[in-house]
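Trainee: Next one to model:
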Amino acid sequence: MVRVYETWRENVGVHTDCAAIQWKASQKKDRRHIRSENSEDALTWQTFRSLEAAGLLDQFVAELLGLVDHYSAYYWQRSCNQYEIDPTVDRVLAEVEPYHRQHGRQHTETDLMLRGERTLIVAEIKLGYRKHRITGWCQAKNSPIVDDYEPHARQFVTDAMRWKQTVARFAQLYKNLFVGRRLSELWSAADRPLELHLLTVVNGATQEKKPDGTVWTYRDEFETFRQSTMFPQDALHLLTWQQVRDWILTQRAAELGFVQDRLVRHPLL
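Mentor: As a prediction, the model looks like this:
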């Protein structure tokens with residue numbers, strides 16, 4: 001039985017006065033989901049906003065990803081105190097997804113971005129059940145891959161003839177790359193280009209049992225994604241929530257008390 005709290009503030013628990021989480025909680029498609037203890041959005045906010053408040057984002061990235069920089073965080077494409085989408089991100093979405101803008105369709109919504117002085121990390125975050133099909137990055141069946149993506153896909157996909165099939169399987173990862181590439185160009189300083197990195201955070205406990213008895217994990221699926229792309233391999237990163245939890249439990253900052261408890265008690269982890 002999944003616990004669903006009476007209000008989103010009860011579930012989220014920390015930094016609930018920030019504009020970004022208030023925006024997320026106001027969205028019709030998210031109102032029930034963000035009250036659930038299994039909410040990816042709630043856990044993303046609890047974890048990374050707490051790290052940001054504790055001044056530990058830079059250390060977290062340096063120790064787990066090996067990238068040394070000074071980062072500011074964007075949650076669902078807005079800083080913690082922004083209610084409206086960041087205007088540069090909005091401009092990029094209109095460029096990358098003109099079909100969506102013209103037809104009132106939902107744009108790509110990056111779960112987390114870490115904007116540094118030398119690097120830009122776009123992050124896609126998943127929290128799957130322990131026994132579940134590994135389909136978390138697939139394009140929804142009722143939302144086809146439109147032709148507008150082709151010029152962007154050809155910069156990344158190894159098999160250009162099958163770009164639609166490849167992007168459909170790994171849609172959320174590729175679309176983050178499409179948006180991130182353009183943002184890295186616009187946010188680069190004249191004398192210092194931003195190097196783009198892609199991060200995905202997944203549940204390391206999630207397993208899909210195949211008909212032949214073998215087990216498939218998010219790490220296996222990510223390795224298949226790696227083989228599909230020309231993007232630099234050292235700029236593709238996967239972390240499990242278990243790795244994130246173990247690192248956070250080594251820290252003694254008071255701001256992390258709530259999220260440490262949530263990560264230890266989380267029913268899916």
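Trainee: Only C-alpha atoms from now on, for both contacts and neighbour counts.
Mentor: Fine.
Trainee: Now for residue 163: which residues touch it?
Mentor: By C-alpha atoms under 8 Å, 6 or more residues apart in numbering, the contact set of residue 163 is 150, 153-154, 157.
Trainee: Over to residue 60?
Mentor: The contact partners of residue 60, by C-alpha under 8 Å, 6+ apart, come to residue 247.
Trainee: Can you point out the buried residues in the lengthiest helix in the chain?
Mentor: Assignment by DSSP state H gives helix 171-187 as the longest helix of the chain. By 16 or more other C-alpha atoms under 10 Å, the buried positions in helix 171-187 come out as 171-184, 187.
Trainee: where does the protein dip in pLDDT?
Mentor: For the chain, no stretch has pLDDT under 70.
Trainee: From the centre of it, point out the most distant residue.
Mentor: The C-alpha centroid of the chain is most remote from residue 212, which lies 31.4 Å away (C-alpha atoms, centre = their mean).
Trainee: do you know how far residue 250 is from residue 256?
Mentor: Distance, residue 250 to residue 256, by C-alpha to C-alpha, to the nearest Å: 10 Å.
Trainee: Just want to know which of the two has more residues nearby.
Mentor: Set residue 250 next to residue 256 and count neighbours by other C-alpha atoms under 10 Å: residue 256 wins out with 23 against 9.
Trainee: Name the nearest residue to the more buried one, sequence neighbours excluded.
Mentor: Nearest residue to residue 256, sequence neighbours excluded (C-alpha to C-alpha, 6 or more residues apart in numbering): residue 50, at 5.9 Å.
Trainee: Secondary structure element holding the one you found?
Mentor: Per DSSP states H and E, residue 50 falls inside helix 50-53.
Trainee: cool, residue 208 as well?
Mentor: Assignment of secondary structure by DSSP H and E places residue 208 within strand 208-209.
Trainee: Which strands or helices does that strand pack on?
Mentor: Contacts defined by 3 or more C-alpha pairs under 8 Å, 6 or more residues apart in numbering; DSSP states H and E place strand 208-209 against strand 215-216.
Trainee: Give me the angle between the very next helix or strand once past the strand it packs on and helix 171-187.
Mentor: Per DSSP H and E, the first helix or strand lying C-terminal to strand 215-216 is helix 218-228. For helix 218-228 against helix 171-187, the angle by axes from the mean of the first three to the mean of the last three C-alpha atoms, to 10 degrees is 60 degrees.
Trainee: Tell me which strands the following helix or strand past helix 218-228 pairs with, and in which orientation.
Mentor: Note on helix 218-228: by DSSP H and E, the next helix or strand toward the C-terminus is strand 236-240. Sheet pairing of strand 236-240 (DSSP bridges) gives strand 195-202 (parallel).
Trainee: can you pull out the helices in this structure?
Mentor: Secondary structure of the chain (DSSP H): helices at 8-12, 19-26, 40-44, 50-53, 57-65, 87-96, 98-103, 150-153, 163-169, 171-187, 218-228, 241-248, 257-265.
Trainee: Give me the angle between the fifth one and strand 236-240.
Mentor: So that's helix 57-65. Per the same axes, to 10 degrees, the angle that helix 57-65 makes with strand 236-240 is 100 degrees.
Trainee: circling back to that earlier point, so what does the longest helix of the chain touch, helix or strand wise?
Mentor: helix 87-96, strand 119-125, helix 150-153, strand 195-202.
Trainee: The second one to strand 195-202, inter-axis angle?
Mentor: The directions of strand 119-125 and strand 195-202 differ by 20 degrees, with the same axes, to 10 degrees as the criterion.
Trainee: Name the surrounding residues that touch strand 119-125.
Mentor: 40, 44, 69, 110-115, 172-173, 176-177, 180, 184, 194-202.
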